[in-house]
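**Student:** Below are the sequence and a predicted model for it; my questions follow.
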Amino acid sequence: MPAPERAAAGWAVAGFVAFVGLWALASGWIARPQVFPGPLSVAATAWERRLDLVDAAGRSGLRVGVGWVGASALAVPLGWAAGAVPPLDDELRRFTGLVRSIPPFAWLPLLLLWVGIGDTTSVLVCALGAFFPVLEGARTGSSQAPPALLHAARNLGASPARVLLAVRIPAALPGTFTGLRTGATFAWMSLVAAELVGADGGLGQLILDARNLARPDLAIAGMLCIGAIAWSVSGVLHQLERGARRWGVA
C-alpha cells in the first residue's frame, strides 16, 4: 500500500477510535442507558438482533438500489447530453432549478395517493433523491471536457459519435462518479423518510419500531447500519473511479 493510502487509513482508524471513545465518555457521563446507550450496549443489541438487522438492511438496500440505478440510468445520459449541448443545458436548468429544490419526501403525500403504501413508493422517493445529484455531476463533468481535445478530434476527422465516446464521456467520468456517490447518499436519506411513513420492513421501519418500544440502542444500531452501508457503497464507487483512471478511461 502506498504511503499516502497508509496515512489515510491510519487517520481513518484514529478517527473511528476517537469517535467511539467520545461516545463512551458521553454515555457514561449521562449515565442513562435508556436515553443514550453506550457503544457496548449498542454492539450487544446489534448482535442480539443481527438477523432482524440483516433482513431490514436487505429490504432497504434493494429499494435504494432499484431507485438509484433507475435514476442514474436516466440522469447520466441526460447530464452528458446537457453538458455537450448548451441550449439543452439552458432548458434543463430552468426546469431543474424549480423541481430540485423540493425535498424528495415532500412528494410522499402525492405518491401515497398515486401509488399507495409499499415498495414502489419507497423506490420512487429514492429515485427522486438520487436523480438531481447524479444529473448535476454528469452535466458538470461533460461540460468540462477540454476544448483543445474536442477541437483536435474534430480537426482529425472524428465523427460526432467518436468525439463523444473518445473525448466527451471520458472527461465526464470523474464528475459523473462524484454525482453517483452523492446520489447514493441522498437515496439512503430519502429512503428512511419513506419507510417511516409506511413500508413493509426496512431499516427506517426498524428505527421507528425502536422509538415506539423506547429502545434507543436498537435505533442507534439501525442508524449505524445505514451509515455503514452508505459508506461502503461510496467506497466501491470510489474504487471504480480509480480503476477507470488507472486504465486511462477517466
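**Tutor:** Thanks, I have the structure now.
**Student:** Tell me the secondary structure of the spatially most central residue of the chain, please.
**Tutor:** Nearest to the mean C-alpha position of the chain, by Cα atoms, centre = their mean, lies Ala184 at 1.6 Å. The three-state assignment at Ala184 reads helix, by DSSP: H, G, I helix; E, B strand; the rest coil.
**Student:** My guess is it contacts Ala130. True?
**Tutor:** Yes: assessed by Cβ atoms under 8 Å, Ala184 is found in contact with Ala130 at 6.7 Å. Where C-beta positions appear, they are placed from N, C-alpha and C, glycine not excepted.
**Student:** shared neighbours of those two, anything?
**Tutor:** Counting by Cβ atoms under 8 Å, 6 or more residues apart in numbering, the common neighbours of Ala184 and Ala130 are Trp68.
**Student:** Okay, domains of this protein per the record?
**Tutor:** Taking automatic domain parsing as the criterion, the chain consists of the domains 1-31, 42-246.
**Student:** I'd like the ones you listed as TSV, with mean pLDDT appended.
**Tutor:** Below are the domains of the chain laid out as TSV (pLDDT from 0 to 100):
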stretch	mean pLDDT
domain 1-31	75
domain 42-246	86
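**Student:** so Ala75 makes contact with Ala138?
**Tutor:** Yes: counting by Cβ under 8 Å, Ala75 touches Ala138, with 6.2 Å between them.
**Student:** Show me whatever sits in contact with both of those two.
**Tutor:** What both Ala75 and Ala138 touch, as defined by Cβ under 8 Å, 6+ apart, is the set Gly179.
**Student:** between these two, who's got more neighbours?
**Tutor:** Ala138 (30 against 25; other Cβ atoms under 10 Å).
**Student:** Flag every buried residue along stretch 158-174.
**Tutor:** Buried residues in stretch 158-174, defined by neighbour count with 16 or more other Cβ atoms under 10 Å: 158, 163-164, 167-174.
**Student:** and among the domains of the chain, the most buried is which?
**Tutor:** Stretch with highest mean neighbour count among those: domain 42-246 (a mean of 18; mean count of other Cβ atoms under 10 Å).
**Student:** Give me the distance between the lengthiest helix in the chain and the centre of its chain.
**Tutor:** For the chain, the helix with the greatest residue count under DSSP state H is helix 50-84. Put simply, helix 50-84 sits 8 Å off its chain's centre (Cα atoms, centre = their mean, to the nearest Å).
**Student:** circling back: and which of the buried residues of stretch 158-174 is nearest to Leu180?
**Tutor:** Nearest to Leu180 among the buried residues of stretch 158-174, counting by Cβ to Cβ, is Leu173 at 10.0 Å.
**Student:** following whichever strand or helix holds the closest one, which helix or strand comes up?
**Tutor:** Using DSSP states H and E, Leu173 falls within helix 169-197. As assigned by DSSP H and E, the chain's next helix or strand after helix 169-197 is helix 203-212.
**Student:** If you compare the directions of that following helix and helix 50-84, what angle comes out?
**Tutor:** Here the directions of helix 203-212 and helix 50-84 differ by 130 degrees (axes from the mean of the first three to the mean of the last three Cα atoms, to 10 degrees).
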